[in-house]
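>>> Model the structure of this input:
(chains A and B)
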There are 2 protein chains.
Amino acid sequence: MRKTLIVVLVVVGVMLVSTGIVLYAQEARPQVTQGVFATLPDAPPVPEDNPMTPEKILLGQMLYFEPRLSASGVISCHTCHNLSLGGTDRLPSSLGHNFETGGRNAPTVLNAAFFNLQFWDGRATGLEEQAQGPIQAGVEMAMPADLAVERIAGIEGYLPYFQAAFPGEENPITFINIARAIATFERTLITPNDGLDRYLRGETDALSADAQRGMEIVVQLGCVACHQGPMLSLGVLMPFRHGEDLGLANVTGQEADQFMFRVATWRNVSLTAPYFHDGSAATLEDAVRTMGVVQLQRDLTEEEVFYIVAFLESLEGEMPVVNIPALPAD
Amino acid sequence: MRKTLIVVLVVVGVMLVSTGIVLYAQEARPQVTQGVFATLPDAPPVPEDNPMTPEKILLGQMLYFEPRLSASGVISCHTCHNLSLGGTDRLPSSLGHNFETGGRNAPTVLNAAFFNLQFWDGRATGLEEQAQGPIQAGVEMAMPADLAVERIAGIEGYLPYFQAAFPGEENPITFINIARAIATFERTLITPNDGLDRYLRGETDALSADAQRGMEIVVQLGCVACHQGPMLSLGVLMPFRHGEDLGLANVTGQEADQFMFRVATWRNVSLTAPYFHDGSAATLEDAVRTMGVVQLQRDLTEEEVFYIVAFLESLEGEMPVVNIPALPAD
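Got it, this is the predicted structure:
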């Protein structure tokens, strides 16, 4: 009798504890991650000196697809930041002018407008400065700024579009205006309503149980020290000692800047393999394992990798619908 | 008195004759060109063994923009047949794999579905056969057929699209099905309602007076021996002795095929400079002058060139609206 009572009590106790755990787990999930992540805002910040207008968006869209901005006449922004491919080219490093490769993986243009620092080494501030880089880079579009302006100004059909985008300017076809228009178009390339955002807005089934577990794991492991906020990236430079690329130090020569790279966004990350500044991780699993070793100094278990990847795969937002723009012939 | 009468009679006579000429000219225009040109049909012919379905159009659109069909992973059909640029790349000859150039100018994909013979030398019959060429050509996409199939089949996200496009096929991811889907998408790239078509449908002001005069001139000069019908091209091979390219004879080795090239369409011709199989004419004016010398054995007057170009410029139809398709990541 006593034995039976004990058994019953133990069973009841286990049931209570189990229920408690289950209840705790259900309650805890929002607690654990509260304040770590945030939904993507509807629109990115816009610089005061480059307000968005429909006319400027249209011109920027045209210039984004304009291969005549390159020396060869075949490479446009869209070549390496391909909206069919998650805003990247899915290559370890891009093939540019003369099929030469640059040293780094092309970051996605999707939601890039939410970042202040641009490029892997954060050497540019804002999309307007960023857009001027690849046009001129010898291994990318290889087009000197003055020739780019000359070529675009030589296509007479562009003038009314520049006049509409930059009203009142006497000579609107300038290199900075080309960059301003492209940046403005890029501010429309936002991917709302991924699994996390819908989950954070209260759709509890927008993340699978696996993805929710992965979300908890990245919090518990501390990945979110850098991967947090609306972009799931602080958007700042952090040390990442992987490979021989010295990061920002290549630009500044400062020892303190060695291996400093911008924290990559997790938004749409399952669309943008291969990973890292050198494109050295072919899959999300590879990337997660490497981050464990390099940043956390630990070998993640296969289970941890599985759940983290499930979470990362839930971060594909709605792709912007973009028409191929008709470009003026001459 | 008699003198005055004569003067009056002469003046009246001249007025009558002038009026007659004007009336004749107004009446004559439709007469002169009647039966020479035809409006573009709403839809092109479709082969019996490759019916069009929305699912196949969508898959074809995806594959048309798919750079992973190339060895480098950066060149798609759209690279050289760019819908922003009138379905061409606006280069004398395309830059393909390793930035090598092919020998010929990329013909426009717009309305290509109305042609039976494909390529400048007409060596392919139908779009399905055509689409297989550039994927495999060493200086274009440089992708052997079996590797193309392997790569596409390796992207798991494609399978449901192939199953939907080719229902009931056990193994739908084949090279011929890739070509069939691309050809099906290309059959949607039609540009209706250009100036000529609207004019032929009774909108008499759809062609400017200059364009109408140009239309008469191309009839009177005999350009329309080859440039007639809905495509303003017979779509067959005709001799064009210009440059050193031997045309179809390169393929057949037959002397009779020397300098045989497909007659180019005039539809959207003002969007597709430079001109000819070798891209040697930079402008429409250049092209018209050269055609006068080579095909008509005469130097066209500046007036003739002006009016002919005015007519050719009226042949820009409504561009198809095409969204950038999202392509499966893996």
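>>> what's the distance between whichever residue of the stretch 151-300 of chain A sits closest to chain B and A:Leu83?
Closest to chain B within the stretch 151-300 of chain A is A:Leu271: 4.8 Å, counting by C-beta to the nearest C-beta. C-betas here are computed from N, CA, C, even on glycine. A:Leu271 is 11 Å from A:Leu83, where distance means C-beta to C-beta, to the nearest Å.
>>> So what's the residue count around the residue of the stretch 151-300 of chain A closest to chain B?
Using other C-beta atoms under 10 Å in any protein chain shown, A:Leu271 is surrounded by 25 other residues.
>>> correct me, but it touches A:Leu85?
Yes - judged on C-beta atoms under 8 Å, A:Leu271 makes contact with A:Leu85 at a distance of 7.1 Å.
>>> Need the overlap of contacts for the two.
Shared contacts of A:Leu271 and A:Leu85, defined by C-beta atoms under 8 Å, 6 or more residues apart in numbering or on different chains, comprise B:Ala329.
>>> Near the nearest residue to the residue of the stretch 151-300 of chain A closest to chain B once chain neighbours are set aside, how many other residues are there?
Nearest non-adjacent residue to A:Leu271, counting by C-beta to C-beta, 6 or more residues apart in numbering or on different chains: A:Gly86, 2.9 Å away. Using other C-beta under 10 Å, A:Gly86 is surrounded by 25 other residues.
>>> and A:Gly86, what is it in contact with?
By C-beta under 8 Å, 6+ apart, the neighbours of A:Gly86 are A:Thr108, A:Leu110, A:Asn268, A:Leu271, A:Thr272, B:Ala329.
>>> Among the residues you listed, which one sits closest to B:Asp210?
Among the contacts of A:Gly86, A:Leu110 lies closest to B:Asp210 (C-beta to C-beta), at 47.0 Å.
>>> so what's A:Asn268 up against?
The neighbourhood of A:Asn268, defined by C-beta under 8 Å, 6+ apart, consists of A:Gly86, A:Gly87, A:Thr108, A:Leu110, A:Asn111, A:Thr191, A:Asp194, A:Leu315, A:Glu316, A:Gly317.
>>> Please list the residues of the stretch 51-200 of chain A that sit near chain B.
Contact residues (C-beta under 8 Å from any C-beta of the partner chain) of the stretch 51-200 of chain A with chain B: A:62, A:65-68, A:72-74, A:79, A:82-86, A:89-91, A:94-95, A:97-99.
>>> got the buried residues for stretch A:234-245?
For stretch A:234-245, burial by neighbour count (16 or more other C-beta atoms under 10 Å in any protein chain shown) applies to A:Leu234, A:Gly235, A:Leu237, A:Phe240, A:His242, A:Asp245.
>>> Same question for stretch A:215-223.
Going by neighbour count (16+ other C-beta under 10 Å), the buried part of stretch A:215-223 is A:Met215, A:Glu216, A:Ile217, A:Val218, A:Val219, A:Leu221, A:Cys223.
>>> CA atoms only for that stretch - export them in CSV, please.
What follows is stretch A:215-223, C-alpha atoms only, in CSV (Å, rounded to 0.1, in the frame of the first residue of the first chain):
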residue,chain,number,x,y,z
MET,A,215,16.0,30.2,-32.3
GLU,A,216,16.4,29.3,-28.6
ILE,A,217,19.8,27.7,-29.3
VAL,A,218,21.2,30.7,-31.1
VAL,A,219,20.2,32.8,-28.1
GLN,A,220,21.6,30.4,-25.6
LEU,A,221,24.9,29.9,-27.5
GLY,A,222,25.3,33.7,-27.7
CYS,A,223,25.2,34.0,-31.5
